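**Q** structure for the following, please:
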Amino acid sequence: MDRHGGRALRSAVALAGFLAVAVGQIAFVGVLILVLLAMLPGTLAAQVGAPLCMATVGVLAYATWRALRTRHAEPAGVPVTRADAPQLWALLDAAAAAAGTRAPDTVTIVAEAAATLRERTRLLGLTGGRRDLFLGLPLLQVWDVARLRAVVAHELAHFSSRGARFAPLAYRGRMAVARTVPRIVRRNPAGPVLRAYAGLYRRLDAPFSRAQELAADQVAARFAGAHAAAVVLTDLPVLDAMQHLFLAEYVAPGRQAGHTPDDLFGGFLRMLAARADEAARLRARPQPIPGRWDTHPPVAERLSALPSAPDGGPVPDDGPAPGGILPGRESGLDGELVPDLPGLGRALQEIAYPPQGRTAVDWDTFFGAARTSEMEREAETALTAISRAAGVPVANAADVLDLAADNRLRKAAESVFPDLDAEQTAGREAELITLLFALAALRSGVARWRHSWTGTAELVAIDGTHLDVAGPAALVADPATVTAARDRLTALGIDPAAPAATGRSAAGRAEVVGGVVNLVVDGARTDVLIVDTGLFLVPGLPRARNGSAKVRLARFAAAEAGEREVAAPGSRFLPYTEVAGAVRTRRGPRAWDLRLRDGATLGVRAGLDSDELPGGWAAFDEAVAFLARTRATSDSG
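**A** Reported below is the predicted structural model:
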């Protein structure tokens, strides 16, 4: 048996040991109870024996079953059959032959910028089953055929027994254990032993895991060309980061405002083309160190192990792809592997990003609604503070002009910003007035937003010409020129008292993706509902009512926006757009600091009795990782 074969066998044996440990601890507890019962008188042993065995062994057996149960959650996507895309399936068949394994049984196009081949396993991967390939639409959109050949060949090579007989079993087990161990909750009585053995298993499996990943890279290089295999290693994380940035900075604000773009994936292509320089900077950054359960060696090590030229095998007719995310038009996939890619994108959008009552609009309208909604939130906060300081209701620009005319606006601003000097206070006042005049222009129908994929949106007149709202705003600084400011607004067709559009709150339109109860947020017990646009922070129930926490959070998730305050008084919605970053801390295995854009920090950590709605921990971990990735990406630009 060669070295790789020995490593694969050791990994397979270690995997079987995982199940043996799980069963062994149940048997050990059962034997221990029987020994203790044997020391008791016969009558007493008979009376307490059965209940004690059921209460102890039964609980441990159930806990072990819960810990080892593998859930087969599948990402939302559009299935593609052989009849739908014969050329794509032909590529997969060729890649499977090159890898020395069978082709996937199904192909599903998903929204994530990734390619994943999953096998439906049982007994932690000891037995295999149907293979499902989940192929990201962004890869089909922006990669050429060579890069696609490389990525699918790599995924299929994980299930090849060409180098070692037990290699597919070892890979299946590694994936199953990596999914299982993080889900074992702290209070699970079977957890300590299983987590301890998982650590031993990871150390035993690590050498073969590394070798298997490098071997899969070699298969990809032989099948698609070494250059294409190398570009995939560097561009895949960049494409993933750019997609998260796109969703956070471009899509989430508009969906929060109650709209959805009519062509989401087409917008992603336009953003990539406009921000190519940013993608290049991301590609030049050092790659992060792989996580504890990540099977991949560092990217630098994988790149150095690739051959400098293809080591045999077919080379695509179009040649290796140039560096960068977007291929040239001559090497793109339009209509080649998957017919009607734009139509597929629209169908996938309906599944992966369902409108849920949102209005489908073009990108310009979508961005305009998002920017206007953001401005309205800022204005509402500022006007509330001005109203409190002035002692009268201040609802719009007309009310602010009335305050400015009799010099009450400056006094109110000084009360709101007591720590600022006169010049700084005047600056804040001017910013608020300019904001209110811009909103009034939009509400009066004389202005619109002109969006840029690379910069900030610009407020312009309906015909696209420059619209000066800063000029009238500057006149408001002096009570003597407020009348002149009103005249300027009238000349522009702006009604300072124009009402805002009505509609449901942004948080009420959000899609619920998970929930966790009994977290500790800034020292207080808090339940968290994760939605696609942010986090609902719900004051937690007392420990005496802990059994009702999950039921209450589920009801809160199902309630309409106007009913949620009744379901959980004191709840707070934290949009992702208000979070500037997320950092894991040392306060526990699940502890983070969320840095808000207003400078505050929100400490979040798991409690001893934290629990989840179905999929809650995975959704929360993804949300925090999403915030950490997108904000780091945005800050780097």
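**Q** okay, helices next: where are they in the stretch 201-350 of the chain?
**A** 226-246, 252-256, 264-274, 276-284, 299-305, 341-352 (DSSP state H, counting those that start in this stretch).
**Q** which among the ones you listed is found nearest to Asp84?
**A** Across the helices of the stretch 201-350 of the chain, Asp84 has its closest neighbour in helix 341-352 (9.0 Å, Cβ to Cβ). C-beta coordinates here come from the backbone N, C-alpha and C atoms, glycine included.
**Q** Ala485: which of the helices of the stretch 201-350 of the chain is closest?
**A** Per Cβ to Cβ, nearest to Ala485 of the helices of the stretch 201-350 of the chain: helix 252-256, 30.3 Å.
**Q** hang on, the earlier thing: in JSON lines, list the helices of the stretch 201-350 of the chain along with mean neighbour count, mean pLDDT and distance to Glu622.
**A** Shown next, in JSON lines, are these (neighbours: other Cβ atoms under 10 Å; pLDDT from 0 to 100; distance: least, Cβ to Cβ, whole Å):
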{"stretch": "helix 226-246", "mean neighbour count": "23", "mean pLDDT": "90", "distance to Glu622": "10"}
{"stretch": "helix 252-256", "mean neighbour count": "24", "mean pLDDT": "83", "distance to Glu622": "14"}
{"stretch": "helix 264-274", "mean neighbour count": "19", "mean pLDDT": "92", "distance to Glu622": "19"}
{"stretch": "helix 276-284", "mean neighbour count": "16", "mean pLDDT": "85", "distance to Glu622": "20"}
{"stretch": "helix 299-305", "mean neighbour count": "14", "mean pLDDT": "84", "distance to Glu622": "22"}
{"stretch": "helix 341-352", "mean neighbour count": "17", "mean pLDDT": "91", "distance to Glu622": "14"}
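**Q** same list, those helices, but as TSV with distance to Leu553 please.
**A** TSV is the format used below for the helices of the stretch 201-350 of the chain (distance: least, Cβ to Cβ, whole Å):
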stretch	distance to Leu553
helix 226-246	26
helix 252-256	21
helix 264-274	29
helix 276-284	37
helix 299-305	40
helix 341-352	24
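**Q** for Val416, which of those is the nearest?
**A** Between those, helix 252-256 lies closest to Val416; by Cβ to Cβ that is 26.1 Å.
**Q** against which helices or strands is the closest one packed?
**A** When contacts are defined as 3 or more Cβ pairs under 8 Å, 6 or more residues apart in numbering; DSSP states H and E, helix 252-256 packs onto helix 363-390.
**Q** so which bits of the helix it packs on are buried?
**A** 363, 365-377, 379, 382-383, 385-387, 389-390 (16 or more other Cβ atoms under 10 Å).
**Q** what angle separates that helix from helix 264-274?
**A** 90 degrees (axes from the mean of the first three to the mean of the last three Cα atoms, to 10 degrees).
**Q** ok so, going back, out of the helices of the stretch 201-350 of the chain, which is closest to Ala480?
**A** Per Cβ to Cβ, nearest to Ala480 of the helices of the stretch 201-350 of the chain: helix 252-256, 39.4 Å.
**Q** give me the nearest residue to Arg443, chain neighbours excluded.
**A** Using Cβ to Cβ, 6 or more residues apart in numbering and skipping the chain neighbours, the partner closest in space to Arg443 is Ala498 (3.7 Å).
**Q** likewise Gln424?
**A** Phe417 (7.2 Å).
**Q** hey, which strand is longest across the protein?
**A** strand 601-612 (DSSP state E).
**Q** that one - contacts with which helices or strands?
**A** Using 3+ Cβ pairs under 8 Å, 6+ apart: strand 601-612 touches strand 512-521, strand 591-596.
**Q** average pLDDT across the last one?
**A** Per-residue pLDDT over strand 591-596 has a mean of 88.
**Q** ok, now the first one?
**A** Along strand 512-521, the predicted confidence averages to a pLDDT of 89.
**Q** sheet partners, orientation included, of that strand?
**A** strand 524-531 (antiparallel), strand 601-612 (antiparallel) (DSSP bridges).
**Q** for the stretch 101-250 of the chain, which segments are assigned as strands?
**A** With strands called from DSSP state E, counting those that start in this stretch, the stretch 101-250 of the chain shows them at 106-110, 115-119, 131-136.
**Q** ranking these by mean pLDDT, which is last?
**A** It's strand 115-119: among those, that one has the lowest mean pLDDT, namely a mean of 84.
**Q** can you give me the buried ones in that one?
**A** Buried residues in strand 115-119, counted by 16+ other Cβ under 10 Å: 115-119.
**Q** just those now: which is nearest Ala470?
**A** Closest to Ala470, out of all of the buried residues of strand 115-119 and judged by Cβ to Cβ, is Ala115, at 49.3 Å.
**Q** got the contact list for the closest one?
**A** By Cβ atoms under 8 Å, 6 or more residues apart in numbering, the residues touching Ala115 are 133-136, 139, 151-152, 155.
**Q** go on, Val513?
**A** 530-532, 615, 619, 623.
**Q** which of those count as buried?
**A** Buried among these by 16+ other Cβ under 10 Å: 530-532, 619, 623.
**Q** pick out the lowest-pLDDT one from these.
**A** Asp532 (74).
**Q** now the residue nearest to that one when sequence neighbours are not counted: how far from Tyr353?
**A** Leaving aside its sequence neighbours, Asp532 sits nearest to Glu511 (Cβ to Cβ, 6+ apart; 4.4 Å). Using Cβ to Cβ, to the nearest Å, Glu511 is found at 8 Å from Tyr353.
**Q** more neighbours: which of these two?
**A** Higher neighbour count among Glu511 and Tyr353: Tyr353, with 20 against 14, using other Cβ atoms under 10 Å.
**Q** quick one: residues contacting the more buried one.
**A** Tyr353 neighbours (Cβ under 8 Å, 6+ apart): 111, 251, 255, 260, 264, 532.
**Q** one more time with 10 Å, if that's ok
**A** 76, 111, 247, 251, 255, 260-261, 264-265, 511, 532 (Cβ atoms under 10 Å, 6 or more residues apart in numbering).
**Q** next one: Arg543
**A** So, once contact is read as Cβ under 10 Å, 6+ apart, Arg543 ends up touching 518, 525, 549, 607, 609.
**Q** switch those over to TSV; also include distance to Pro297 and neighbour count.
**A** Converted to TSV, the contacts of Arg543 look like this (distance: Cβ to Cβ, whole Å; neighbours: other Cβ atoms under 10 Å):
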residue	distance to Pro297	neighbour count
Asn518	38	22
Arg525	41	20
Ala549	42	24
Gly607	36	18
Asp609	38	15
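**Q** could you export the residues you listed as TSV, including distance to Ala279?
**A** TSV is the format used below for these (distance: Cβ to Cβ, whole Å):
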residue	distance to Ala279
Asn518	41
Arg525	42
Ala549	43
Gly607	40
Asp609	44
